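*Asks:* I need the structure of the sequence given here:
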Amino acid sequence: MATCLALRHVAFEDAGILADILAARGFELRYVEAGLAPLDRNAVTSVDLLVVLGGPIGVYETDEYPFVADEIAALRARLDVGRPTLGICLGAQMIAAALGARVAPGPAKEIGYAPIDLTDEGRRSVLAPFANADVLHWHGDNLDLPPGATRLASTAVCPTQAFSIGAHVLGLQFHIETPPQKLESWLIGHAVELSKVGIAPSALRAQAARSGAATAAAGRRALEAWLDGAFS
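*Replies:* Now for the predicted structure:
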């Protein structure tokens with residue numbers, strides 16, 4: 001049986017629809033709760049698929065969250081062996097940091113369902129379904145394009161919203177894995193952040209009612225296509 005290891009930073013930011021996709025493909029999915037136990041670098045490098053999920057901390061906060069440095073180092077070892085790796089939000093930022101790219105606070109937070117601007121490469125990539133579908137944005141940090149990576153998408157305040165390295169690495173600053181019925185757990189878990197930026201949970205519920213199903217459908221198509229390429 002193929003194996004997938006998912007590094008999870010907060011309980012409600014899980015694999016979402018990706019879990020069902022992996023189960024249908026015969027993968028065994030196992031979560032590791034980041035920061036709660038020493039990270040097994042051998043497991044990170046040897047697993048068939050590594051997924052690094054999101055979270056509300058920055059890759060540069062290693063003094064406050066020492067486990068982040070260990071996670072980035074393990075991720076670098078994983079990237080060196082060229083195995084399929086997916087990074088979502090914080091996960092994408094960790095991939096960028098592992099490859100030596102700068103990650104820092106952006107000019108504004110992006111939170112909510114909204115479009116991305118696909119590059120020419122992005123329109124030919126697994127993200128093609130998002131030419132006409134919103135993604136779920138929920139980040140404040142931006143990343144520079146890592147060496148050897150291809151930029152797939154951007155927005156006005158975030159020049160690198162998505163990138164790929166060959167067929168085996170995909171980094172997404174946004175969320176395509178979250179089904180709309182799970183959004184309420186995000187609204188609860190990120191209540192303080194939403195209050196600080198003046199975004200009403202009711203506004204995000206309305207966005208999810210309008211765009212959530214299309215986002216999840218496009219996300220399923222994109223994730224399926226990426227797995228097809230990564231394991232071809």
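
*Asks:* ok, the residue minimising distance to the centre of the chain to Ile188 distance?
*Replies:* For the chain, Ile88 is the residue whose C-alpha lies nearest the centre (C-alpha atoms, centre = their mean; 0.7 Å). Distance, Ile88 to Ile188, by C-beta to C-beta, to the nearest Å: 20 Å. For glycine as for every other residue, the C-beta is placed from the backbone atoms N, C-alpha and C.

*Asks:* on that earlier part again, pretty sure the residue nearest to the centre of the chain is touching Val52, no?
*Replies:* Yes: in this structure Ile88 lies within contact range of Val52 using C-beta atoms under 8 Å: 7.0 Å.

*Asks:* show me what the longest helix along the chain is packed against.
*Replies:* When the chain is parsed with DSSP state H, its longest helix is helix 201-230. Helix 201-230 sits against helix 17-24, strand 103-114, strand 135-143, helix 183-189, helix 191-197, with contacts defined as 3 or more C-beta pairs under 8 Å, 6 or more residues apart in numbering; DSSP states H and E.

*Asks:* how about CSV for those, with distance to His175 and mean pLDDT added?
*Replies:* Formatted as CSV, these follow (distance: least, C-beta to C-beta, whole Å; pLDDT from 0 to 100):
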stretch, distance to His175, mean pLDDT
helix 17-24, 10, 98
strand 103-114, 10, 98
strand 135-143, 4, 98
helix 183-189, 9, 98
helix 191-197, 15, 97
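
*Asks:* so which of these is the most packed in?
*Replies:* Highest mean neighbour count of the helices and strands packed on helix 201-230: strand 135-143, a mean of 23 (counted as mean count of other C-beta atoms under 10 Å).
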